[in-house]
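Trainee: here's my sequence, what's the structure:
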Amino acid sequence: MFFCDILKRAILLQTNSLTKSKQKILKKFSQDALNLANNLLGKRKSKRLMDLHKNTYLDSKMSTSFNSQVICDVERNVVKIKGSKIKHITVKFNIPRNCKTFNTKTQFFIELGMYPRKRIAVPIKQNKNYNRYSSLINNGWMCKTYGLTSDGQIIAFLSKEDTIFPKRENVLGVDINSKCFAVSIVTPNGRVLKQTYFGKDIWVRHKKIFERREKLQSLADKGNHRATQSIKKLKREEYNFVKNRLGEIVKEITDMALKYNADISIENLKRFNPKGKQFNKEVMRIPFYKFKQLLISRCFDKQIKVNVVDSWHTSKWCSHCGAVGKGHNGANYSIFKCKECGQIVNSDRKASLSIAVKSLLERKKSSFQDITSERFFFQFSHKQVPVSGLMRSNDGFETCAVHNVSTPMESFAL
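Mentor: The predicted structure is shown next:
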């Protein structure tokens, strides 16, 4: 094992039984920080932090009683803002210069350096969030930064060096699409151990929310105040549902990877460009990035390696004969039909299989010191069709070929 990257995680730590004087201090500090942020936002001429710092730091120092670390953190928040007004702000405090923690017999405290020569000790409620925080700290995570939110709560920003874990025998490929998460588990010799789907209920729930939002929006456009409030409530409901379901899906996927002794592979997905109202509804609302970050975090806890593979031709490659076609079958996005061998299969299931196969091919590539001097085979089909269509031409896979097997990959599925 060796270290290569930094994993990050944030946990909300709720305050416990604050006195009125502490509540007043925290409220005033948050309001002053918010006022400073909006003031700096009006003076921002570019999105370069150094320009903003150079032009406004002295004025901020003279007009407020904040210390330098707080002012600099507010400046960082202002640089990232895209709008014209800031409604909420989280001010960060770094250990040991501006923050420290300590324990009593019954309580855990975070002491914040809010003003020069003035610190306030904030007691933390010992609930599930605190237990999760303590568990991570005991497992090697470090917390050198704490944040104070606008409503007076504390956020712990944890980090840990990402460890490269040893490769497991099999590979679990995950295809993320608009309606579900397709999963395929493949062995090094091309045998499919398991294929299934997760998260079909997310799209069903999304569809109902879309229909309900359209009705409420029509009422809100006519000046109905209750409809406007219902839209805001519906947005929070949708966010919480998707967030919880993603956590459940990630747990199921990681448990399956441990059961089948498999690494996990996903595509290196990029941001989609908006292409229309219907496209935005079906694709743009899929939380690809949130799922990826949550998956990486949970895999790190369970010591599962995550491989990110190139998405080149994963939706066009035939898992029966290895040929590369045009992809989906006309208007039916969920069906893949190969023009070479005639195979008809669910496109999402086939894409997850392609991701797993590509990960295995890259694993085989890395096992050779000189790829140009070796010729290797991947066992999945009875036809002699090159699989280099799954790899870009500059990846060194010109010599890839398929070994003869009596049955195609799909027929192995359980």
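
Trainee: near residue 342, how many other residues are there?
Mentor: Close neighbours of residue 342, defined as other Cβ atoms under 10 Å, add up to 10. Quick note: C-beta positions are derived from backbone N, CA and C, even for glycine.

Trainee: can you tell me the helix or strand for it?
Mentor: Using DSSP states H and E, residue 342 maps to neither a helix nor a strand.

Trainee: same thing with residue 294?
Mentor: Residue 294 belongs to helix 288-301, assigned by DSSP H and E.

Trainee: how far out from the middle of the chain is that helix?
Mentor: With Cα atoms, centre = their mean, to the nearest Å as the basis, helix 288-301 stands 5 Å off its chain's centre.

Trainee: what does stretch 39-59 give?
Mentor: Offset of stretch 39-59 from its chain centre (Cα atoms, centre = their mean): 31 Å.

Trainee: can you check stretch 337-351 too?
Mentor: Here stretch 337-351 is found 29 Å from its chain centre; the criterion is Cα atoms, centre = their mean.

Trainee: residue contacts, residue 295?
Mentor: 174, 250, 253-254, 264, 266, 306 (Cβ atoms under 8 Å, 6 or more residues apart in numbering).

Trainee: and the residue lying closest to residue 302 once chain neighbours are set aside, how far is that from residue 299?
Mentor: Leaving aside its sequence neighbours, residue 302 sits nearest to residue 254 (Cβ to Cβ, 6 or more residues apart in numbering; 5.4 Å). Counting by Cβ to Cβ, to the nearest Å, the separation of residue 254 from residue 299 is 6 Å.

Trainee: hey, what's in contact with both of the two?
Mentor: residue 264.

Trainee: let me see the ranges of the strands in the stretch 1-150 of the chain.
Mentor: Counting by DSSP state E, counting those that start in this stretch, the stretch 1-150 of the chain has these strands, from start to end: 3-13, 91-94, 99-103, 108-115, 118-124, 142-148.

Trainee: out of these, which is closest to residue 293?
Mentor: Among the strands of the stretch 1-150 of the chain, the nearest to residue 293 by Cβ to Cβ is strand 3-13 (8.7 Å).

Trainee: average pLDDT across the closest one?
Mentor: Taken as a whole, strand 3-13 has a mean pLDDT of 73.

Trainee: quick one on the thing from earlier: just checking, next helix/strand downstream of the helix holding residue 294?
Mentor: strand 306-309.

Trainee: quick one: that next one to chain centroid distance?
Mentor: In terms of Cα atoms, centre = their mean, the centre of strand 306-309 is found 13 Å from the chain centre.

Trainee: that one packs against which elements?
Mentor: Strand 306-309 sits against strand 262-267, helix 288-301, helix 347-366, with contacts defined as 3 or more Cβ pairs under 8 Å, 6 or more residues apart in numbering; DSSP states H and E.

Trainee: return the most buried member of those.
Mentor: Across the helices and strands packed on strand 306-309, the average number of neighbours (mean count of other Cβ atoms under 10 Å) peaks for strand 262-267, which reaches a mean of 25.

Trainee: can I get the CA coordinates of that strand in PDB?
Mentor: Backbone C-alpha positions of strand 262-267 (Å, rounded to 0.1, in the frame of the first residue of the first chain) are rendered in PDB as follows:
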ATOM      1  CA  ALA A 262     -14.500  -7.500  -6.400                       C
ATOM      2  CA  ASP A 263     -13.000  -4.100  -7.100                       C
ATOM      3  CA  ILE A 264     -15.500  -1.500  -8.200                       C
ATOM      4  CA  SER A 265     -15.200   0.300 -11.600                       C
ATOM      5  CA  ILE A 266     -17.100   3.400 -12.800                       C
ATOM      6  CA  GLU A 267     -16.900   5.600 -15.800                       C
END
